[in-house]
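Trainee: fold the following and give me the result.
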Amino acid sequence: MTTVLDSGGVTALAKDRALVNSLRKRGAWPPVVPAAVLVESLTGDHRLDFHTNRLLRLCEVRPVTELMARHAAALRHACRRDGVSAVDAIVVAAADQAGGGVVWTSDPDDIAAVACNTIDRVATLYP
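Mentor: Okay, the predicted model is just below:
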């Protein structure tokens, strides 16, 4: 099963090397990070972004293709919930397109709202 990180998941793992090592030992590595997540995860200041960049080098950062963006838009629209961000929908679409997965998030309510339209192939986990 694919592990997909949103910005909360990136932040949590960037701060916890023991958790990273645990996931690696369990074979849940490397996680997928949609490129749009970087907008929420990075500041542009290499000093502040050091730990996040170190983690991202170990992840599979995937581009947001037109197909993924269209899928995310459909999922976002179908959930009919105000305030669900485009990035949250992209994260769920990435997990769904991978055939299912676990999303590491600090926003499980919004992720779950979008994921309910993926035929139960996407689960959420708060790190």
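Trainee: now the protein, which segments are flagged as low pLDDT?
Mentor: Low-confidence segments of the chain (pLDDT under 70): 119-127.
Trainee: what about the helices in the chain?
Mentor: 7-14, 17-25, 37-41, 50-56, 66-79, 86-97, 108-115 (DSSP state H).
Trainee: got a markdown table for the ones you listed, with distance to Pro31 and mean neighbour count too?
Mentor: To be clear about C-beta, it is placed using only N, CA and C from the backbone, and glycine gets the same treatment. Converted to a markdown table, those look like this (distance: least, CB to CB, whole Å; neighbours: other CB atoms under 10 Å):
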| stretch | distance to Pro31 | mean neighbour count |
| --- | --- | --- |
| helix 7-14 | 7 | 22 |
| helix 17-25 | 8 | 12 |
| helix 37-41 | 11 | 18 |
| helix 50-56 | 9 | 16 |
| helix 66-79 | 16 | 16 |
| helix 86-97 | 10 | 26 |
| helix 108-115 | 15 | 22 |
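Trainee: closest to Met1 out of those?
Mentor: helix 86-97 (9.1 Å; CB to CB).
Trainee: name the helices or strands packed onto that closest one?
Mentor: The elements that helix 86-97 packs onto, with contact taken as 3 or more CB pairs under 8 Å, 6 or more residues apart in numbering; DSSP states H and E, are strand 2-5, strand 32-34, helix 37-41, helix 66-79, strand 101-104, helix 108-115, strand 122-125.
Trainee: and the angle from it to helix 108-115?
Mentor: 50 degrees (axes from the mean of the first three to the mean of the last three CA atoms, to 10 degrees).
Trainee: CA atoms only: put helix 86-97 into CSV for me.
Mentor: C-alpha atoms of helix 86-97 as CSV (Å, rounded to 0.1, in the frame of the first residue of the first chain):
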residue,chain,number,x,y,z
ALA,A,86,-7.0,21.9,-3.6
VAL,A,87,-3.8,20.4,-2.1
ASP,A,88,-5.8,18.1,0.1
ALA,A,89,-7.7,16.9,-3.0
ILE,A,90,-4.4,16.4,-4.9
VAL,A,91,-3.0,14.3,-2.0
VAL,A,92,-6.1,12.0,-2.1
ALA,A,93,-6.0,11.8,-5.9
ALA,A,94,-2.3,10.7,-5.7
ALA,A,95,-3.2,7.9,-3.3
ASP,A,96,-6.2,6.9,-5.3
GLN,A,97,-4.2,6.8,-8.6
